[in-house]
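In: Mind looking at a prediction? Sequence and model below.
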Amino acid sequence: MGEVLALVEARLRTGLGEPDARAAVTFLGTDRFDVLRFTDGDVVRYATLGMSAQPMTDPTAALADPVKGPRAELVLSVRGGLADTDKVLRPLAVLAAAPQVEGLIVAPGASLDVGEPLWPGAPFTSVLVAESGGLVEDLDLDAPMDPVRFLPLLPMTPNEAAWKRVHGAAALQERWLNSGTDLRDPLRKSVPLD
């Protein structure tokens, strides 16, 4: 487990630079989760570290495989200085713990909801999980372990989350794209959905 996390942290540093802050969160019955903060000009990125220590397993499986299964870490990018986004550390750790706590498999297209604003005054309580391979390249591990994917998180307003449940992730992403939505704006309004 420690070996995997050391490789994951090295990949994060390669892709995002040196972290300028780190917070550790532990939940009863789970391993420790770290959230690292990287600042790149006016963009602040938060990345989880710890979710990939164990593979995610299907909650309906009779026996969890300790080696095989998808592995991931989460990356959230926002514009700095517009909101108190550092308060997102705990909600991000909650999302990273979901596979261990709830038996959830986090994959692109999924919605994850924390049930409260991601940071004080945030118009978002949930995120859309996007495809990996952009900011941080997937990390191949020794067989038979699956690679670690670094999944971007796109904050959604409650209206966007409800619309996504009906129309799907691709339709929402297309809506954002066609509207020129700045998904890094921590104070942005919902995209027009009519």
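Out: Thanks, I have it.
In: all helices of this protein, in order?
Out: For the chain, applying DSSP state H gives helices covering 2-16, 89-102, 158-167, 169-179.
In: helices or strands up against the first one?
Out: Counting contacts by 3 or more Cβ pairs under 8 Å, 6 or more residues apart in numbering; DSSP states H and E, the secondary-structure elements packed against helix 2-16 are strand 32-40, strand 43-49, strand 71-79, strand 148-156. Any C-beta I mention is one placed from the backbone N, CA and C, and that applies to glycine too.
In: The first one packs against which elements?
Out: In this structure, strand 32-40 makes packing contacts with helix 2-16, strand 21-26, strand 43-49, helix 89-102, judged by 3+ Cβ pairs under 8 Å, 6+ apart.
In: would you list those in CSV and tack on mean pLDDT and mean neighbour count?
Out: Output for the helices and strands packed on strand 32-40, formatted as CSV (pLDDT from 0 to 100; neighbours: other Cβ atoms under 10 Å):
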stretch, mean pLDDT, mean neighbour count
helix 2-16, 94, 16
strand 21-26, 90, 14
strand 43-49, 97, 23
helix 89-102, 90, 21
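In: Save the helices and strands packed on helix 2-16 as a markdown table, and put in distance to L104 too.
Out: Converted to a markdown table, the helices and strands packed on helix 2-16 look like this (distance: least, Cβ to Cβ, whole Å):
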| stretch | distance to L104 |
| --- | --- |
| strand 32-40 | 14 |
| strand 43-49 | 14 |
| strand 71-79 | 11 |
| strand 148-156 | 13 |
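In: looking at these, which is closest to G15?
Out: Comparison of the helices and strands packed on helix 2-16 against G15 by Cβ to Cβ identifies strand 148-156 as nearest, at 7.3 Å.
In: packing partners for the closest one?
Out: With 3+ Cβ pairs under 8 Å, 6+ apart as the test, strand 148-156 has helix 2-16, strand 71-79, strand 126-129, helix 169-179 packed against it.
In: swap the cut-off to 7 Å and go again
Out: strand 71-79, strand 126-129 (3 or more Cβ pairs under 7 Å, 6 or more residues apart in numbering; DSSP states H and E).
In: tell me the mean pLDDT for the last one?
Out: Confidence for strand 126-129, expressed as mean pLDDT, is 97.
In: What lies in contact with stretch 110-129?
Out: 83-85, 87-88, 91, 94-95, 98, 106-109, 151, 153-158, 161, 164, 169, 172, 186 (Cβ atoms under 7 Å, 6 or more residues apart in numbering).
In: Relative to the whole chain's centre, how far out is it?
Out: 11 Å (Cα atoms, centre = their mean, to the nearest Å).
In: now do stretch 114-131
Out: Centroid separation for stretch 114-131 versus its chain: 10 Å, with Cα atoms, centre = their mean.
In: Give me the buried stretch members for it, please.
Out: 114, 117-119, 122-130 (16 or more other Cβ atoms under 10 Å).
In: How about stretch 61-73?
Out: G69, P70, R71, A72, E73.
In: Since that was my last question, I'll sign off now.
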